[in-house]
Structures are given as C-alpha cells and as structure tokens.
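Visitor: sequence first, predicted model second:
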Amino acid sequence: MRRVVVTGLGVVAPNGIGREEFWSSCVAGRSGISTISAFDSKTFPINVAGEVKQFDATPFVPESSRKSLKIMGRAAKFGLGAAGLALQDSGIDMRTEDPGMVGVVMGTGLVPIDMSEIMPLLRKVMNEEGHFDLTKLDAGGGSPIFPLWLLKYLPNMVAAHISMAFNAQGPNSTITTACVAGTQAVGEGFRMISRGEADVCLAGGADSRLDPLLLMAYTALGTLSRRTDLPPEQISRPFDRLRDGFVLGEGSGVLVLEDFDRARKRGAKIYAEILGFGSSFDAYSITKPDPEGKGGARAIRNALNEAKVSTEDVRYINAHGTSTRLNDCMETNAVKHAFGEHKARMVPISSIKSMIGHSIGASGAIEAVALALTLSESVTPPTINLTHPDPVCDLDYIPNVARDWAPAVAISTSFGFGGQNGALVMRAM
C-alpha cells in the first residue's frame with residue numbers, strides 16, 4: 001500500500017476564494033455568512049446563508065473548457081474552480097501527466113433546478129382549468145426544453161466537468177452520501193492512490209442549495225436557524241447553548257492527492273499525509289442522529305484503525321459541528337465514546353461551519369482542506385460565536401480565537417442525514 005499525501009489545495013468558500021484568502025479568514029474568525037443575494041429572499045422566514053458571492057470560474061479553467069461553463073450548474077462551477085486552484089497550487093502540469101493515472105472523486109448532492117428553465121414546459125402542459133395535461137407534450141412539435149438541460153442537473157457532472165477540463169482519464173467517481181460526501185470522496189481518493197489505481201487524484205466536494213425551493217424544503221424540515229435577533233455572521237454557533245439550527249452554505253473544496261514517493265521526487269510542497277478513512281451508519285433515524293453517538297464513534301475508530309494510530313496520538317479534531325441541538329450533542333458523545341471521557345477533554349475541537357455555514361456535500365471536503373492547513377501551518381481555527389457554554393457540550397471547542405498548536409495527528413469528522421458517518425485521519429509532514 002502506497003503512502004498518500006496532499007500536495008495541492010483549492011477552495012471556493014463563503015469566507016474566501018483560494019487557499020490563502022480562505023485560511024486567513026478561518027484563522028481570523030471571519031465569517032462569510034450574510035443576507036442571501038442569489039435570489040430575492042425577503043419574503044422567506046430565513047434569508048441568511050453562507051453564500052459564495054460573484055464567483056467566476058473562468059480564470060481557473062483551461063480556455064478550451066470555458067464554453068462549457070454556460071451549461072454547468074452552480075455547484076459544478078464551484079467544483080471546477082476549486083479543482084483548477086488545487087492543480088495550480090500543486091504545481092502539477094496536466095499536459096505532461098499520464099491522463100490514465102489521474103483520478104477524480106467528488107462528493108455532491110441535490111442539484112437545484114432553475115424553475116425559469118422549465119416554465120415553458122409547464123405552460124405548455126397546463127390546460128384552461130390550471131391542471132397539467134401531459135397529452136399536450138406532443139402538440140405543436142419541438143421541445144420546450146434546452147437540449148442539454150438534463151446534463152446540467154446530473155450529480156456526476158461535477159466530476160465529469162473536472163475530468164474533461166483537465167484531461168483526467170483515470171478512475172472517476174461521484175459520492176452522494178449527504179453531509180459525509182466530501183469526506184468520503186477524499187477517503188476514496190486516498191484509497192485509490194494507496195492501491196496503485198492512480199498516481200494523482202483530485203478529490204473533494206462541491207454543492208450549492210441556495211435555491212428558493214430548497215430553502216423552503218430545509219425550512220420545512222426544521223433544521224435551519226430561525227434567529228432574527230442577531231447579525232447574520234453570529235447565527236451559526238456550534239456547541240453554543242443558544243444554537244437553534246444550521247445556516248445553509250455552499251462552495252467547494254478539492255485536494256490534490258498524490259503518491260508520496262512521486263511527490264517527494266518532484267519536490268512538491270506537502271501539506272499533510274492522509275493515513276486513514278472510516279465510515280459507519282447509525283441505522284437509527286432518517287432525520288435524527290443516534291443521540292449517544294455510537295455510530296460516529298465507530299467511524300472514528302475505523303479511521304484510526306486504518307491509519308494504525310491510537311487515540312493517544314490524536315491532537316485535534318475538525319468537527320462536523322453544524323450548530324443544531326441534536327448534532328452537536330451527538331458529536332460530543334461520539335468523541336467521548338471513541339476517546340474515553342478523560343482523553344476527549346484533552347483534544348481541542350473546532351467547527352469552521354461557524355464561519356461558512358453547512359455546505360452539505362461540500363462541507364467535509366472544505367473541512368479536509370482546513371485540516372491539511374492546520375497541520376501545515378500549526379494553527380487551529382476557532383469556533384466563533386461560542387459565547388454561551390452548553391453544559392451538555394463540555395469539551396474544548398477552541399472558542400472564538402484561533403490557537404497556535406502543532407497537532408502531529410488530527411481528524412476531520414462528518415455526520416449526515418440518514419445516519420451516515422465518516423472520519424479522515426491526517427498527519428503533519
């Protein structure tokens with residue numbers, strides 16, 4: 001089994017585009033959460049989000065692929081931009097690579113449908129009484145839908161567009177395990193290289209659900225914060241006693257994973273080494289996590305087992321930390337189950353969702369970028385807005401101020417709807 005290292009980082013996040021801007025914001029505790037501008041949300045009960053504003057992927061992709069941007073969904077543009085940034089950061093020239101040994105694994109999820117694109121179809125099949133009459137589809141001939149419309153909304157288009165733009169012809173996969181997708185994609189990319197199936201892998205996640213219909217759906221589900229008495233940047237407050245739900249986010253994180261011997265030979269900057277990935281399933285509830293956190297603890301232990309390190313070696317955890325009542329308590333319990341009460345209280349933990357919101361399928365990948373930077377830069381980002389300690393969440397969550405810290409081994413955790421759990425283990429180099 002080959003050693004796998006991180007040699008490039010690309011990120012498109014609400015608090016920064018590119019590695020440097022994103023990381024300086026995270027360390028400074030600078031939030032990217034604000035009032036939604038992507039659409040008119042004034043009439044919605046919730047109108048704040050971790051929104052990536054005015055992003056243009058054009059500078060980060062080859063000129064030959066720029067014409068494809070017009071048929072991409074928002075998440076695909078984020079993913080393509082993050083992949084381009086990651087490759088630039090790695091110093092890899094794809095023109096000299098064996099394309100069959102470059103893989104792509106991306107996590108993503110639901111793709112919001114632009115209602116304006118299907119309105120012509122809806123008008124065509126609606127009869128005088130306001131009911132849908134599908135027999136009208138053939139009337140008049142011709143299609144009211146743009147011929148490539150479907151390709152904009154297939155989940156695998158994120159990985160497909162990245163592969164086409166950079167001529168990556170190796171193993172290709174799309175992971176759709178809800179909030180764990182980005183973490184699992186990095187884990188699968190790690191295993192791909194360790195098994196020798198690829199020499200290089202672009203692994204990460206991209207997601208965007210800033211859409212009127214999906215905002216209504218998440219509001220109805222009851223998972224989003226309804227706070228209106230605070231500025232937007234103070235609403236996401238993981239592990240805080242006053243938390244009442246997460247803030248919807250969007251963005252992408254992509255890591256260039258590479259065989260260690262190859263990376264060392266070409267003199268690449270190495271941010272961290274990936275040691276292991278673990279997953280599990282709660283089998284408890286489709287919407288609620290197991291409150292005891294036993295499934296989350298299994299994922300952590302599975303990752304540590306693959307990494308061949310013990311809980312004593314772990315010095316930092318980049319938490320899932322959504323800012324919901326149930327998740328933050330569950331995650332606290334999962335850490336205690338995995339590490340034991342005494343050790344759990346000694347491991348610093350923080351959640352960058354306090355600054356960027358919850359980007360669902362992209363969240364674990366963005367957090368993996370942050371974990372690699374924590375190990376490389378020897379500083380842990382804070383959990384901002386943690387001003388009212390919760391007696392149930394009683395661990396060290398690095399409240400409000402970043403901490404100079406050199407964790408030799410660290411973990412990133414993700415927990416998702418349906419009971420998905422995932423964990424990544426990385427080591428400083």
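Guide: Nice, I can see it.

Visitor: could you look up the SS state of residue 257?
Guide: Of the three states, residue 257 takes strand under DSSP: H, G, I helix; E, B strand; the rest coil.

Visitor: same question but for residue 267, I mixed them up
Guide: Classification of residue 267 using three-state DSSP returns coil.

Visitor: what's the spacing between it and residue 166?
Guide: 21 Å (Cβ to Cβ, to the nearest Å). C-beta here means a position set from N, CA and C on the backbone, and glycine is covered the same way.

Visitor: neighbour count for those two, which is higher?
Guide: residue 166 (23 against 8; other Cβ atoms under 10 Å).

Visitor: grab the nearest non-local neighbour of that one.
Guide: Nearest residue to residue 166, sequence neighbours excluded (Cβ to Cβ, 6 or more residues apart in numbering): residue 94, at 4.9 Å.

Visitor: could you measure the one you found against residue 297, distance?
Guide: In terms of Cβ to Cβ, residue 94 sits 40 Å off from residue 297.

Visitor: please apply the same query to residue 367.
Guide: Per Cβ to Cβ, residue 367 is found 19 Å from residue 297.

Visitor: what's the neighbour count on the residue nearest to residue 166?
Guide: Per other Cβ under 10 Å, the neighbour tally for residue 94 reads 14.

Visitor: likewise for the one 3 residues further on?
Guide: By the measure other Cβ under 10 Å, the count of residues near residue 97 is 17.

Visitor: ok, now the one 5 residues further on?
Guide: Taking other Cβ under 10 Å as the neighbour definition, residue 102 ends up with a count of 24.

Visitor: could I get the pLDDT score of it?
Guide: Residue 102 is assigned a predicted lDDT (pLDDT) of 98.

Visitor: and if you look at residue 429?
Guide: At residue 429, pLDDT is 94.

Visitor: as PDB, could you dump the C-alpha coordinates of stretch 318-327?
Guide: Below are the C-alpha coordinates for stretch 318-327, written out as PDB (Å, rounded to 0.1, in the frame of the first residue of the first chain):
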ATOM      1  CA  ASN A 318     -12.000  19.400  12.900                       C
ATOM      2  CA  ALA A 319     -15.600  18.900  13.900                       C
ATOM      3  CA  HIS A 320     -18.800  18.500  11.800                       C
ATOM      4  CA  GLY A 321     -20.300  21.000  14.300                       C
ATOM      5  CA  THR A 322     -23.400  22.000  12.500                       C
ATOM      6  CA  SER A 323     -25.000  24.200  15.200                       C
ATOM      7  CA  THR A 324     -28.100  22.100  15.600                       C
ATOM      8  CA  ARG A 325     -29.300  21.000  19.000                       C
ATOM      9  CA  LEU A 326     -29.100  17.300  18.200                       C
ATOM     10  CA  ASN A 327     -25.900  17.100  16.100                       C
END
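
Visitor: which positions in that stretch come out as buried?
Guide: By neighbour count with 16 or more other Cβ atoms under 10 Å, stretch 318-327 contains the buried residues 318, 319, 320, 321, 322, 323, 324, 327.

Visitor: likewise for stretch 166-175?
Guide: 166, 168, 169, 170, 171, 172, 173, 174, 175.

Visitor: before we move on, back to that, which of the buried residues of stretch 318-327 sits closest to residue 427?
Guide: residue 318 (13.9 Å; Cβ to Cβ).

Visitor: tell me the pLDDT of the closest residue in space to the closest one that isn't next to it in sequence.
Guide: Nearest residue to residue 318, sequence neighbours excluded (Cβ to Cβ, 6+ apart): residue 412, at 4.2 Å. Per-residue confidence (pLDDT) for residue 412: 98.

Visitor: is residue 412 in a bridge, and if so with what?
Guide: Judged by DSSP bridges, the bridge partners of residue 412 are residue 318, residue 424.

Visitor: residue 389 too?
Guide: residue 240.

Visitor: what about it, how many residues close to it?
Guide: 13.

Visitor: so it makes contact with residue 242?
Guide: No. Applying Cβ atoms under 8 Å, one finds residue 389 not in contact with residue 242, separated by 10.4 Å.

Visitor: okay, now the unreliable bits of the stretch 101-250 of the chain?
Guide: In the predicted model of the stretch 101-250 of the chain, residues 137-144 satisfy pLDDT under 70.

Visitor: ok so, going back, now do the contacts for the residue nearest to residue 318.
Guide: Neighbouring residues of residue 412 by Cβ atoms under 8 Å, 6 or more residues apart in numbering: 183, 317, 318, 364, 367, 368, 370, 371, 423, 424, 426.

Visitor: how about these, which pair is most distant?
Guide: Across these, the longest distance by Cβ to Cβ is 14.7 Å; it joins 370 and 423.

Visitor: higher neighbour count, the two?
Guide: Legend: neighbour count by other Cβ under 10 Å for residue 370 and residue 423, higher for residue 423 (34 against 26).

Visitor: my guess is that one contacts residue 299. True?
Guide: Yes. Counting by Cβ under 8 Å, residue 299 is a contact partner of residue 423 at 4.6 Å.

Visitor: for the helix or strand harbouring residue 277, packing partners?
Guide: Element membership for residue 277 (DSSP states H and E) is strand 272-281. With contacts taken as 3 or more Cβ pairs under 8 Å, 6 or more residues apart in numbering; DSSP states H and E, strand 272-281 sits against strand 4-13, helix 181-194, helix 294-307, helix 363-377, strand 420-427.

Visitor: what would those look like in TSV with distance to residue 405?
Guide: TSV is the format used below for the helices and strands packed on strand 272-281 (distance: least, Cβ to Cβ, whole Å):
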stretch	distance to residue 405
strand 4-13	19
helix 181-194	22
helix 294-307	20
helix 363-377	8
strand 420-427	14
